[in-house]
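# 3D model of this:
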Amino acid sequence: MHEDVDIYTRVSSVPQTDNKSLDEQERICRDYCARQPSWRVDKVFREEGESARSADRTALQAMLEHCRASKGKIKHIVVYKIDRFSRKVEDHMALRAILKKMGVMLWSATEPINETTTGTLMENVLASFAQFDNDLRSERSRGGMRARALEGCWVSGAPIGFVNVKDELKRPTLAQGDKDKDIVKAVQKFFNEFATGKYRQSEAHLIAKKCGVRTKAGIALSRNGATGLLKNIVYAGYIQNGLTDNQLIKGLHYEAAIVNLELFQTVQAVLSGPGSAALHLSPDLSPSGRSGAIFGVAFAGNRLQAAHQKGDIQPTTVRNAP
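This is a model prediction of the structure:
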């Protein structure tokens, strides 16, 4: 009597080469199944371009539902390698528990896992190594992103009004969106309107809507989205975030800034509330210079004064991209 088998294959990007391609994974899994006399492949589930960092994957969930619907018909699931199934130990264990409850066994076509004590130990070790490899890649990737950010690069999706581009040295940066100048003008209008000091922070999303600022999906900004945009110094040509360890870095996109620094700092003072003080950059910071300092005080409703009163405020170094 035969036992039905589902095959699960996955790649996190398309195309992937060598023995990690979907077709090659399927071929190896089918060869493995063919060596089991009573096994018969019922269905193949192909995960095209989804990461194993999450169990919420289209083909994986479809396979689990197929197993449930089979009511005991599916006895085995075969994967090319354990890391194709999951790259997080807790997800792996949770998925294995679900399969076990349905009476389904998990097998690797290239690794020695089974229901014996040694086979279970090997499976746990392989699942741990899959997560270790994934975590190591993430750590290296974040390290690379941090190094780029400290150079003044922009390493994530472009904010509203900008597009992702690369400079002449192939470094990731930002440029104003040529295809939609209206949104750039809308962002500028939003900053200028809010800088008048006539509005509260809680009204920012209403002003953004009035000025025509929308997300890239064409949706009006939320309250947090509107204030987040106004507080993002990337619009003034600088970068300051977790990747820069909150250091202020002059961005490679400095010349493509959507608003000038004085306007940006005026808006920060307004956001801080009446009578609040806000630090601002010295306006004589040269775009070609390698460092500068934050000086002076800006008050809500007042024009910025580029004065540095010795002893009042300690200057904060600003790093500039090479």
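# hey, where'd the strands end up in the protein?
Secondary structure of the chain (DSSP state E): strands located at 3-11, 39-48, 74-79, 105-108, 162-166, 172-176, 238-239, 249-250, 277-281, 291-299, 317-320.
# least reliable of the ones you listed going by mean pLDDT?
Sorting the strands of the chain by mean pLDDT places strand 291-299 lowest, at a mean of 37.
# partners of the residue nearest to L252 when sequence neighbours are not counted in the sheet?
In space, L252 comes closest to T173 once its chain neighbours are excluded; the distance is 4.0 Å by C-beta to C-beta, 6 or more residues apart in numbering. In short, each C-beta sits where N, CA and C put it, glycine included. Per DSSP bridges, the residues bridged to T173 are V165.
# Report the contact partners of T173.
Residues in contact with T173 (C-beta atoms under 8 Å, 6 or more residues apart in numbering) are G152, C153, W154, N164, V165, K166, D167, G251, L252, H253.
# Only the buried subset of these, as a PyMOL command please.
Only the buried members of the contacts of T173 end up in this PyMOL selection, burial being decided by 16 or more other C-beta atoms under 10 Å:
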select buried, resi 152+153+154+165+251+252+253
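# Closest one of the contacts of T173 to R84?
When those are ranked by distance to R84 (C-beta to C-beta), N164 comes first, at 30.5 Å.
# can you pull the pLDDT of the nearest residue to that closest one once chain neighbours are set aside?
Spatial nearest neighbour of N164, chain neighbours left out: A158 (4.7 Å); criterion: C-beta to C-beta, 6+ apart. For A158, the model assigns a pLDDT of 92.
# The residue nearest to D91 when sequence neighbours are not counted - how many residues pack around it?
Nearest non-adjacent residue to D91, counting by C-beta to C-beta, 6+ apart: A55, 4.5 Å away. By other C-beta atoms under 10 Å, 17 other residues sit near A55.
# okay, and the helix or strand of this structure with the least pLDDT?
The weakest-scoring helix or strand in the chain, judged by mean pLDDT, DSSP states H and E, is strand 291-299 (a mean of 37).
# Domain ranges for the protein, per the record?
Residue ranges for each domain of the chain read 3-142, 151-320, as given by automatic domain parsing.
# which one of those has the lowest average pLDDT?
Among the domains of the chain, domain 151-320 has the lowest mean pLDDT, at a mean of 77.
# now that one, how far from the centre of its chain.
A distance of 21 Å separates the centroid of the chain from that of domain 151-320, by C-alpha atoms, centre = their mean, to the nearest Å.
# before we move on, what about stretch 129-144?
Relative to its parent chain, stretch 129-144 has a centroid offset of 15 Å by C-alpha atoms, centre = their mean.
# So which bits of it are buried?
Neighbour counts over stretch 129-144 (16+ other C-beta under 10 Å) mark A130, Q131, N134 as buried.
# Just give the nearest non-adjacent residue to A127, would you?
H92 (4.3 Å).
# can you check T9 too?
Spatial nearest neighbour of T9, excluding adjacent residues (C-beta to C-beta, 6+ apart): Q25 at 4.0 Å.
# Contacts only, for L243.
Contacts of L243 (C-beta under 8 Å, 6+ apart): R142, M145, R146, R148, A149, L150, V155.
# let's see it at 7 Å
L243 is in contact with M145, R146, A149, V155, counting by C-beta atoms under 7 Å, 6 or more residues apart in numbering.
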